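**Q** Next come a sequence and a model predicted from it.
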Amino acid sequence: MFTRRALAGLIALAALLPVGGAEAVSAASAAYSASASSAPSAVSAVASEQASLSASFTPDRLGASTTIGFRLHVQTTNGQAPPPMTGMVLHMPAGMNYTLTTLGLAICQPSVLQAQGVKGCPPNSRLGAGSAIVEVPFGTGSGHEIPEIQAVAGPPTAGGNMVVLFYANGQTPVFAQLVFDGEVLPDSSPFGTKLATSVPLIPSVPGGPDVSIVEVNATIGPSGLTYYKRVHGRLRTFHPLGIGVPERCPRAGFPFSATFTFQDGSQTSASTTVPCPPPRTAPRPRHGH
């Protein structure tokens with residue numbers, strides 16, 4: 001069982017709609033129809049998905065309050081855009097110290113996040129941020145960035161598990177404001193917790209294919225966050241504490257893993273390890289004269 005202080009990981013995912021008004025949508029739809037009618041009847045070779053995952057601790061010290069960084073990349077063996085993603089499970093290493101963190105001291109309601117964006121949420125609900133790269137089939141080309149992805153603490157489940165709300169805000173050259181959630185759950189060794197997220201499908205144009213997620217870069221932790229508290233009746237700012245790195249490092253390092261599910265029912269996974277940080281060197285004693 002996890003409280004809103006018990007934070008696992010973040011993965012910020014998004015799907016976008018191209019902008020350009022009715023004319024752009026009409027032209028994109030026509031292009032899609034023309035492409036479909038002229039496509040050869042032979043079925044091309046089936047491509048499989050490949051994924052990579054990297055993770056980091058900042059600062060990278062045993063026992064320290066840290067910001068966890070992630071980079072996820074998905075591609076196919078034939079170089080085409082991967083199928084739209086429908087789900088992701090991120091596995092975090094065992095032994096992370098969740099009692100240390102002061103992240104998620106407040107919660108944000110999904111309806112407020114949808115209507116007002118992150119500015120409508122309490123500052124003390126923010127958990128992390130990131131960006132994503134998606135491939136949009138029509139209108140603006142491929143490989144477009146979603147520059148703003150935010151994660152905030154949402155209302156916990158009836159069982160007390162923490163819920164992370166994700167807000168993706170793309171403005172130009174693509175446009176979307178999307179809210180979806182993930183639930184923090186216990187996990188089996190060598191992991192301690194996992195974040196299970198369902199990713200909604202968004203069509204590129206009416207009647208067209210859904211967009212594809214290619215890359216996500218995100219952080220979870222105090223880096224770049226400012227919280228507020230009242231001290232003697234005055235509002236003071238402070239930086240929250242992140243999840244604590246364990247005091248001891250497994251011989252092979254700290255393991256992370258992610259499993260991705262796609263619209264066509266296929267799956268792929270990726271794993272990585274954060275190496276053990278170098279041991280602290282004891283300060284040399286000073287000798288008197």
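**A** Looks like it arrived, so ask away.
**Q** Show me where this protein dips below the pLDDT cut-off.
**A** 1-47, 137-143, 170-176, 203-208, 280-289 (pLDDT under 70).
**Q** Test my guess that A196 contacts E183.
**A** Yes - A196 is within contact range of E183, at 5.5 Å (criterion: CB atoms under 8 Å). (C-beta placed from N, C-alpha, C; glycine too.)
**Q** K119 falls within a helix, correct?
**A** Yes - counting by DSSP: H, G, I helix; E, B strand; the rest coil, K119 is found in a helix.
**Q** Just give the number of residues close to it.
**A** Neighbour count of K119, defined by other CB atoms under 10 Å: 9.
**Q** Next one: it from Q150, what distance?
**A** In this view, K119 and Q150 are 10 Å apart by CB to CB, to the nearest Å.
**Q** same question, I243
**A** I243 is 18 Å from Q150, by CB to CB.
**Q** got it, and R236?
**A** Going from R236 to Q150 by CB to CB gives 23 Å.
**Q** what about the strand or helix carrying A151, distance to the chain center?
**A** With elements taken from DSSP states H and E, the one containing A151 is strand 144-154. Its chain's C-alpha centre and that of strand 144-154 lie 8 Å apart, by CA atoms, centre = their mean, to the nearest Å.
**Q** CA atoms only for that strand - export them in CSV, please.
**A** Taking Å, rounded to 0.1, in the frame of the first residue of the first chain, the C-alpha atoms of strand 144-154 are listed here in CSV:
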residue,chain,number,x,y,z
HIS,A,144,7.7,16.5,-33.5
GLU,A,145,8.4,17.4,-29.9
ILE,A,146,5.9,17.8,-27.1
PRO,A,147,7.8,20.3,-25.1
GLU,A,148,5.8,20.1,-21.9
ILE,A,149,4.9,17.0,-20.0
GLN,A,150,4.1,17.4,-16.3
ALA,A,151,3.4,14.9,-13.6
VAL,A,152,1.4,15.7,-10.5
ALA,A,153,0.0,13.7,-7.6
GLY,A,154,-3.6,12.7,-8.1
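**Q** for that strand, packing partners?
**A** The contact analysis (3 or more CB pairs under 8 Å, 6 or more residues apart in numbering; DSSP states H and E) places strand 144-154 against helix 110-116, strand 126-135, strand 163-170, strand 174-186, strand 212-220.
**Q** and the angle for that strand with strand 174-186?
**A** With axes from the mean of the first three to the mean of the last three CA atoms, to 10 degrees applied, the angle from strand 144-154 to strand 174-186 works out at 40 degrees.
**Q** buried ones in strand 144-154?
**A** 144, 146, 148-154 (16 or more other CB atoms under 10 Å).
**Q** would you turn those residues into CSV with distance to E49?
**A** Listed next are these as CSV, based on distance: CB to CB, whole Å:
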residue, distance to E49
H144, 20
I146, 20
E148, 26
I149, 21
Q150, 27
A151, 24
V152, 29
A153, 31
G154, 29
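**Q** Max pairwise distance over the residues you listed: which two?
**A** Between any two of these, the greatest separation by CB to CB is 28.6 Å, found for H144 and A153.
**Q** and Q114, how many neighbours?
**A** Residue crowding around Q114 was assessed by other CB under 10 Å; the count is 14.
**Q** Setting aside sequence neighbours, what's the nearest residue to it?
**A** Excluding the flanking residues, the one nearest Q114 by CB to CB, 6 or more residues apart in numbering is V179, at 4.7 Å.
**Q** Who does the strand holding A151 pair with, and is each partner parallel or antiparallel?
**A** Sheet pairing for strand 144-154, assigned by DSSP bridges, gives strand 126-135 (antiparallel), strand 163-170 (antiparallel).
**Q** out of those strands, nearest to Y227?
**A** Across the strands paired with strand 144-154, closest to Y227 is strand 126-135 (CB to CB), at 8.1 Å.
**Q** Alpha carbons of the closest one, as PDB, please.
**A** Provided in PDB are the C-alpha atoms of strand 126-135 (Å, rounded to 0.1, in the frame of the first residue of the first chain):
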ATOM      1  CA  ARG A 126       4.100  18.600  -8.700                       C
ATOM      2  CA  LEU A 127       6.300  15.500  -9.100                       C
ATOM      3  CA  GLY A 128       8.400  16.000 -12.200                       C
ATOM      4  CA  ALA A 129       8.500  17.000 -15.800                       C
ATOM      5  CA  GLY A 130       9.700  16.000 -19.300                       C
ATOM      6  CA  SER A 131       9.100  16.000 -23.000                       C
ATOM      7  CA  ALA A 132       8.400  13.600 -25.800                       C
ATOM      8  CA  ILE A 133       8.900  13.000 -29.500                       C
ATOM      9  CA  VAL A 134       6.000  11.700 -31.600                       C
ATOM     10  CA  GLU A 135       5.600  10.900 -35.200                       C
END
